[in-house]
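Chemist: all I have is the shape, not the residue letters:
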DNA sequence: CCCATAGGCAACTTTTTGGTTGCATTGATC
DNA sequence: GATCAATGCAACCAAAAAGTTGCCTATGGG
């Protein structure tokens, strides 16, 4: 996977807002996702494509409309990536702390 | 602080690489961070500024050089954001599952 | 059958971002 | 104190992203 792609998709307030909205309702149509946004439907649609490409969302055509669902996959991957970074990081900080204490 | 800013900072392979490198060594100078990168020092410096603005890194002037340290703050924030999204989402899925079971 | 609704596609503009170059500054070192 | 090494600052360029507009297609309900 490309972690950077997932983070890049998350790195926009409009897209984060879309994800938040989706985490409350269980699905939306594209038109519903546009409500309240200060951009056109086409603009919003591009954001949704970015989210879909990062596996954060699934777009499922259903008759004449398209249903937008959250996808757990990308989200979980991103979280695990951050967790592992934090762990390495904490370990390094601990090592530093011990080194400092030893030098006392 | 804005979660989107942190994610945007993470959404670039060069910057992710820098963070990984920092999670192994305990600190670097700017010049050291440039080693192995296919870009100029000024280019790398801009990436470091983005990371610093997102509180993922601290730039600490030390004599004639600048030390780059990891900063836990932004990372933890981003992870907690994802966790909360996942929780809400799981809760929603559970609710859906119960609703389906009830209708059986 | 008609038409309003939901959306797709493509071209275009504007803004942001990633990257560069040239030059100035400051600290270490001999 | 001359010089090299580490960095800053500013202007600039190119490519990518964000957003728009115009028009076309298809589906669902009266």
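Modeler: Received, thanks. What you see is a predicted model, and the numbers here were worked out from it, not measured in a lab.
Chemist: does DNA strand C sit close to the helix or strand containing residue A:6?
Modeler: Using DSSP states H and E, residue A:6 sits in helix A:3-10. No. Against DNA strand C, helix A:3-10 shows no contacts by C-beta under 7 Å from any atom of the strand, the least distance being 8.0 Å. Placement of C-beta: from N, CA and C, glycine included.
Chemist: contact partners for residue A:83?
Modeler: For residue A:83, the contact set (C-beta atoms under 8 Å, 6 or more residues apart in numbering or on different chains) comprises residue B:79.
Chemist: burial count for whichever residue of chain A sits closest to DNA strand D?
Modeler: As assessed by C-beta to the nearest atom of the strand, DNA strand D sits closest to residue A:63 within chain A, at 2.5 Å. Residue A:63 has 6 neighbours, counted by other C-beta atoms under 10 Å in any protein chain shown.
Chemist: give me phi/psi at it?
Modeler: Per-residue torsions, residue A:63: phi 60, psi -130 (degrees, to the nearest 10).
Chemist: do you know how far it is from residue A:29?
Modeler: To residue A:29, residue A:63 is 10 Å away according to C-beta to C-beta, to the nearest Å.
Chemist: contacting residues around the closest residue in space to residue A:12 that isn't next to it in sequence?
Modeler: Excluding its sequence neighbours, the residue lying closest to residue A:12 (C-beta to C-beta, 6 or more residues apart in numbering or on different chains) is residue B:4, at 5.8 Å. By C-beta under 8 Å, 6+ apart, the residues touching residue B:4 are A:10-13, A:16.
Chemist: from those residues, which are also near DNA strand D?
Modeler: Restricting these to those near DNA strand D by C-beta under 7 Å from any atom of the strand leaves residue A:12.
Chemist: what sits against the residue nearest to residue A:34 when sequence neighbours are not counted?
Modeler: In space, and not counting its chain neighbours, residue A:34 is closest to residue A:44: 4.5 Å by C-beta to C-beta, 6+ apart. Neighbour list for residue A:44: A:14, A:18, A:30, A:33-34, A:37 [criterion: C-beta under 8 Å, 6+ apart].
Chemist: quick check on residue A:44: phi, psi?
Modeler: The phi/psi pair for residue A:44 (degrees, to the nearest 10) reads phi -60, psi -40.
Chemist: so how far is DNA strand C from the residue of chain A closest to DNA strand D?
Modeler: The gap separating residue A:63 from DNA strand C is 8 Å, by C-beta to the nearest atom of the strand, to the nearest Å.
Chemist: who's in contact with that residue?
Modeler: With C-beta under 8 Å, 6+ apart, residue A:63 has no contacts at all.
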